[in-house]
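[1] Dropping a prediction and its sequence here:
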Amino acid sequence: AIYLDYQAATPVDPRVAEAMRETMLTDFANPSSDDHALGWKAHQRVELARAAIADAFGAAWGGLIFTSGATEGNNIAILGGARNAPPERRRVLISAIEHKAVLEAASALAAEGYDIERLPVDTSGCLDLDVLEALEGTTVAVISVMAVNNETGVVQPVRAVAQWAKRHGVFFHCDATQAPLAMEVDLSSWGVDAASLSSHKIYGPKGIGVLYLADDRPWTPRPLTFGGGQEQSIRPGTLPTPLCVGFATASMLVSREGAAERERVASLRDSFVASLRDLDPGLRLTAPSGDRHPGNAHVVFSRADAADLLALLQPVVAASLGSACTSGVIGPSHVLTAMGVSDSDASRCVRFSLGRFSDAAQLAEASHAIAKALNKQRGRALPA
Ligand code: PMP
C-alpha cells in the first residue's frame, strides 16, 4: 500500500526500532529502582533520552515531563492548568480548530464552572489575532492554541499568542504535536508556558510524548493522576525506558535531518498536488495561502465524494478524510466549518500527508490509482 497518512501516524524509523529493541532487552530494570546498578543504568538511559529530546526542541532538560502522548499532555496542561489558576481566572480560550484532545479537555472544565470560549480562524485557517488582541485577559486562566493544524497543515501564530498571554498573565499551552515535521521547534524562544509533543508523529513509537513546562510559567498544572512521585509528581508512573529511548532517537533524527527532509517532502507534495490538478483541473487546496506543513496536501476535489473515493482506493492508497481522531463522526469537520468551508465542499475534501519514506514512484502510482477511482466515480470506463 502507498502510505499517505503521515499526519495520523508516521512509520517507525528502523533506526528508532533498533535503539528500542536493544533497550528493551538490556535495560529492563525499573528506572526508579535506586538500590542497584541495573536501576541506575535504566535511570541514566531515561535521563539521556530526556536531554536529547530537550536538545532537539529547545527545551530545558528539567522542563520535560514524559507522558503517554499529546492527548495526555493536552489534558494535564488544560485541566491541570485551569485548576491551579488564581480564583478570579475562570475563562478558558481555545482556537476553534484545536484537536479533540484540546476541545474535549476544555469542554470538561465547563462542568467545574469555567467558561469556554472558542477563538475564530479566518478563511485561510489561521487564528484571527485581531479578535484575540481585543480580548480582556485578566479573568482568563488558560489559552490553548496549536502550532500546526493536523487537518489543513496551517501554521498558527504561536509567538503572537505567547505575547498576548504574557501581557495578561494567562497560562499559554500549545499543542505542538504536528510542529516538528513542519518547522524548526524552539520551545524556549516561542514563549509558551507549556507545549505537548507526541513521538508517533515524528517516526517514533506510539504511547509516549512529553509535556514541556517553561521555567517562567505563571503557575504549574495540578496533576490529574497520583502515584510514586515520578516526573515531578505531575505525571507519576513507571517510565517506559524503551519508549523514552525511541522517542529520543526519533527527536535526534528530526533535528539532524529535518531541514533537508522538509524541503524534499514539500517538493514531492507540490508535484503530487500538480498531478492531482491534471486529473481534476477544478481541484484546490483548502488553505491555499500562508505557511503550511510541508507534507500536507489537504485538497477539495471538484466533484468526487471523498468518502467514496477513499473506499475505492482500498487497499492501494492510505489517505484520510481529515483527522483520524474525528473519523467516524458524521458531517464536516469542525476545522473546515470554522474556516467557512461549505458542507458540500467539505464532503469532497481529502487529506493526503507525505513524509520521510514517500518517493516520486509511490506518488505516481497513487495518482494513477486516484485517476482510476475518479473515472469509476464518474461512471466511465478507463481508456486502455
Ligand atoms: N494533537 C494533535 C494536533 C494531533 O494531531 C494528535 C494526533 N492525532 C493529538 C493531539 C493526539 O496525540 P496522541 O495520539 O499522541 O495522543
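    Sure, I can see it.

[2] residues in the stretch 101-250 of the chain within reach of the ligand, list them.
    101, 146, 150, 175, 177-178, 198, 209 (Cβ under 6 Å from any ligand atom). Every residue, glycine included, has its C-beta placed from N, CA and C.

[3] got a winner among these for most neighbours?
    D175 (31 neighbours; other Cβ atoms under 10 Å).

[4] can you tell me the helix or strand for the residue nearest to that one when sequence neighbours are not counted?
    Excluding the flanking residues, the one nearest D175 by Cβ to Cβ, 6 or more residues apart in numbering is M146, at 4.2 Å. In this structure, M146 is located outside every helix and strand according to DSSP states H and E.

[5] For M146, give me its contacts.
    By Cβ atoms under 8 Å, 6 or more residues apart in numbering, the contact set of M146 is 95, 97-99, 102, 156, 174-178.

[6] Among those residues, name the ones in strands.
    In strands, defined here by DSSP state E, the members of the contacts of M146 are 95, 174-175.

[7] Run through who's touching stretch 311-321.
    1-5, 8, 306-307, 310, 327, 333, 349-353, 365-366, 369-370, 373, 376-377.

[8] Buried by neighbour count: which residues of it qualify?
    312-313, 317-321 (16 or more other Cβ atoms under 10 Å).

[9] Which pair of these spans the longest distance?
    Farthest apart among those by Cβ to Cβ are L312 and S320. That separation is 14.5 Å.

[10] so who does the closest residue to the ligand within the chain touch?
    Of all residues in the chain, G69 sits closest to the ligand, at 2.7 Å by Cβ to the nearest ligand atom. Applying Cβ under 8 Å, 6+ apart to G69 gives the contacts 198-200, 206-209.

[11] neighbour-wise, which of these leads?
    S199 (31 neighbours).

[12] Pretty sure that one sits against P240.
    No: counting by Cβ atoms under 8 Å, S199 does not reach P240; the two are 10.6 Å apart.

[13] joint contacts of those two?
    Common neighbours of S199 and P240 (Cβ under 8 Å, 6+ apart) are 207-208.

[14] Please enumerate the strands of the stretch 1-150 of the chain.
    Using DSSP state E, counting those that start in this stretch, the strands found in the stretch 1-150 of the chain span residues 2-3, 64-67, 91-95, 115-119, 140-144.

[15] Just put those strands in a markdown table and tack on distance to P221 and mean neighbour count.
    Listed next are these as a markdown table, based on distance: least, Cβ to Cβ, whole Å; neighbours: other Cβ atoms under 10 Å:
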| stretch | distance to P221 | mean neighbour count |
| --- | --- | --- |
| strand 2-3 | 35 | 20 |
| strand 64-67 | 9 | 24 |
| strand 91-95 | 13 | 24 |
| strand 115-119 | 17 | 16 |
| strand 140-144 | 9 | 27 |
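
[16] would you list those in CSV and tack on mean pLDDT?
    Putting those into CSV (pLDDT from 0 to 100) gives the following:
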stretch, mean pLDDT
strand 2-3, 98
strand 64-67, 98
strand 91-95, 98
strand 115-119, 98
strand 140-144, 98
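
[17] Please compute how far stretch 38-51 lies from its chain's middle.
    Relative to the chain's own centre, stretch 38-51 is displaced by 27 Å; criterion: Cα atoms, centre = their mean, to the nearest Å.

[18] go on, stretch 41-58?
    Counting by Cα atoms, centre = their mean, stretch 41-58 is centred 21 Å from the centre of its parent chain.

[19] Put the alpha carbons of that stretch into CSV.
    Below are the C-alpha coordinates for stretch 41-58, written out as CSV (Å, rounded to 0.1, in the frame of the first residue of the first chain):
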residue,chain,number,x,y,z
LYS,A,41,21.6,2.3,34.3
ALA,A,42,17.9,2.4,33.3
HIS,A,43,17.5,5.7,35.0
GLN,A,44,20.5,7.0,33.1
ARG,A,45,19.0,6.0,29.8
VAL,A,46,15.8,7.8,30.6
GLU,A,47,17.6,10.9,31.6
LEU,A,48,19.8,10.8,28.5
ALA,A,49,16.7,10.4,26.4
ARG,A,50,15.1,13.4,28.1
ALA,A,51,18.2,15.5,27.5
ALA,A,52,18.2,14.5,23.8
ILE,A,53,14.5,15.5,23.4
ALA,A,54,15.1,18.8,25.2
ASP,A,55,18.1,19.5,22.9
ALA,A,56,16.1,18.7,19.8
PHE,A,57,13.2,21.0,20.6
GLY,A,58,14.9,23.9,22.5
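
[20] contacts for that stretch?
    23, 27-34, 59-61, 63-64, 66, 180, 185-190, 197, 210, 212, 239, 241, 244-245, 247-249, 251-252, 254-255.

[21] let's go with 7 Å and repeat that
    For stretch 41-58, the surrounding residues in contact (Cβ atoms under 7 Å, 6 or more residues apart in numbering) are 23, 27, 29-31, 60-61, 64, 180, 185-189, 197, 210, 239, 241, 244-245, 247-248, 251-252, 254-255.

[22] likewise stretch 120-132?
    So stretch 120-132 is contacted by 95-97, 119, 145, 149, 152, 154, 156-157, 160-161, 164, 287, 289-290, 338-340 (Cβ under 7 Å, 6+ apart).

[23] What about those residues, which are in helices?
    160-161, 164, 338 (DSSP state H).

[24] Between all of these, which two are separated the most?
    For those, the maximum inter-member distance is 19.5 Å, found between W164 and A338 (Cβ to Cβ).

[25] tell me the mean pLDDT for the helix or strand harbouring L363?
    Using DSSP H and E, L363 falls within helix 360-377. Averaged over helix 360-377, pLDDT sits at 97.

[26] what distance separates it from the middle of the whole chain?
    So, by Cα atoms, centre = their mean, the centroid of helix 360-377 is 28 Å from its chain's centroid.

[27] Can I get stretch 201-221 in PDB? Just the C-alpha atoms.
    Extracted C-alpha coordinates of stretch 201-221, given in PDB (Å, rounded to 0.1, in the frame of the first residue of the first chain):
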ATOM      1  CA  LYS A 201       4.100  11.900  14.800                       C
ATOM      2  CA  ILE A 202       7.900  12.000  14.300                       C
ATOM      3  CA  TYR A 203       8.800   8.400  13.400                       C
ATOM      4  CA  GLY A 204       8.900   7.200  17.000                       C
ATOM      5  CA  PRO A 205       6.800   4.700  18.800                       C
ATOM      6  CA  LYS A 206       3.200   5.200  19.900                       C
ATOM      7  CA  GLY A 207       2.400   5.600  23.600                       C
ATOM      8  CA  ILE A 208       4.900   8.300  24.600                       C
ATOM      9  CA  GLY A 209       5.200  12.100  24.400                       C
ATOM     10  CA  VAL A 210       6.300  15.000  26.500                       C
ATOM     11  CA  LEU A 211       4.700  18.000  28.200                       C
ATOM     12  CA  TYR A 212       7.100  20.900  28.100                       C
ATOM     13  CA  LEU A 213       6.800  23.300  31.000                       C
ATOM     14  CA  ALA A 214       8.700  26.600  30.700                       C
ATOM     15  CA  ASP A 215      10.800  27.800  33.700                       C
ATOM     16  CA  ASP A 216       9.000  31.200  33.800                       C
ATOM     17  CA  ARG A 217       5.400  29.800  33.600                       C
ATOM     18  CA  PRO A 218       2.900  31.700  35.700                       C
ATOM     19  CA  TRP A 219       2.000  28.500  37.700                       C
ATOM     20  CA  THR A 220       2.300  24.700  37.400                       C
ATOM     21  CA  PRO A 221      -0.600  22.500  36.300                       C
END
